[in-house]
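Participant: output the structure for:
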Amino acid sequence: MDFKRNVPSKVRELTEEVCSFLNAAGGYLLIGVNDNNEIVGAEIDNSKRSAIQGSIGEISPMCHYNMYDVDVDGKKVWVIEVPSGKNKPYFFSGSTYLREGANSQKLTNVEEIREVFQRHERIYFDAIPLPKINLLEQLDKDNFLEFKKEAHIVSVVDDFQVLDSMMVFDDNNVAKSGGVLFFAKHPENVFFHAVVRCVLFKGTDKVYIIDDKTF
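Facilitator: Here you go, the predicted model:
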């Protein structure tokens, strides 16, 4: 929850808070409460409300929220109710924000963004666990044998150990999407909508693309 005495002169400050709530567990932004947590009330005319809605509309991808007013002992408090976003991460003006406790943190560095959302298991498709899939039972043995041959992995190493060393399983030994996509017999039955994009670069700086195919 975050409190504002009035609508700030820079409406983007509210949008940054909304973005941070979307990327976390959601929250409430209350306008009409001062720094001492005292309800003082606030008035938001149509132009200000329109400006707030327009600014929040710049968050990408599109988000859902509710904005309404409540009466508390004759004083009007405006509420912006933000659920936890379903399509994380959300960005605003080229940056993303994350609510950590009572503060919103601005993330601009790519590695910083990746680390935070990997920790929350919210950014990478291949890291999503699939508890209904038993990968060892659905393992494509011929494909996996060929993989181990190409990777120069000795055949005496247990299949689970090989997969686990590649972080195919989560902490509860549940297979992740990446493992199923690459090693299950019929991944298309699970990911009928998914594609794999392979890009061949010249050198190691990932600037010049030699070939690019989608399977």
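
Participant: can you pull the poorly scored residue ranges out of this protein?
Facilitator: Scanning the chain for pLDDT under 70 picks out 101, 111, 114-124.

Participant: tell me how far the most centrally placed residue in it lies from residue 154.
Facilitator: Nearest residue to the geometric centre of the chain (C-alpha atoms, centre = their mean): residue 88, 2.7 Å. Using C-beta to C-beta, to the nearest Å, residue 88 is found at 40 Å from residue 154. To be clear about C-beta, it is placed using only N, CA and C from the backbone, and glycine gets the same treatment.

Participant: could you pull out the helices for this protein?
Facilitator: Here the chain has its helices, by DSSP state H, at 12-22, 46-56, 110-119, 141-150, 159-165, 177-183.

Participant: hey, which of those helices is tucked in deepest?
Facilitator: helix 12-22 (a mean of 23; mean count of other C-beta atoms under 10 Å).

Participant: name the nearest residue to the residue of the chain most remote from its centre, sequence neighbours excluded.
Facilitator: Relative to the centre of the chain, the most outlying C-alpha is that of residue 74, 39.6 Å out, by C-alpha atoms, centre = their mean. With C-beta to C-beta, 6 or more residues apart in numbering as the criterion, residue 74 has its nearest non-adjacent residue at 8.0 Å, and that residue is residue 41.

Participant: list the residues that contact the closest residue to residue 207 other than its chain neighbours.
Facilitator: Among residues not flanking residue 207 along the chain, residue 201 sits closest, at 7.4 Å (C-beta to C-beta, 6+ apart). Shown in contact with residue 201 (C-beta atoms under 8 Å, 6 or more residues apart in numbering): 207, 208, 209, 210.

Participant: what's the separation between residue 201 and residue 166?
Facilitator: 22 Å.

Participant: and for residue 196?
Facilitator: 16 Å.

Participant: can you check residue 62 too?
Facilitator: With distances taken as C-beta to C-beta, residue 62 is found 35 Å from residue 166.

Participant: what do you get for residue 28?
Facilitator: Distance, residue 28 to residue 166, using C-beta to C-beta: 42 Å.

Participant: next one: residue 104
Facilitator: On the measure of C-beta to C-beta, residue 104 and residue 166 end up 35 Å apart.

Participant: quick one: buried residues of stretch 27-36?
Facilitator: 27, 29, 30, 31, 32, 33 (16 or more other C-beta atoms under 10 Å).

Participant: could I have the CA atoms of it written out in CSV?
Facilitator: Only the C-alpha atoms of stretch 27-36 are listed here, as CSV (Å, rounded to 0.1, in the frame of the first residue of the first chain):
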residue,chain,number,x,y,z
GLY,A,27,-1.4,-3.3,-4.0
TYR,A,28,-3.4,-0.2,-3.3
LEU,A,29,-2.5,3.4,-4.0
LEU,A,30,-4.4,5.8,-1.8
ILE,A,31,-4.7,9.4,-2.6
GLY,A,32,-5.9,11.7,0.2
VAL,A,33,-3.7,10.3,3.0
ASN,A,34,-0.7,12.3,4.3
ASP,A,35,2.7,11.1,5.4
ASN,A,36,1.5,10.6,9.0
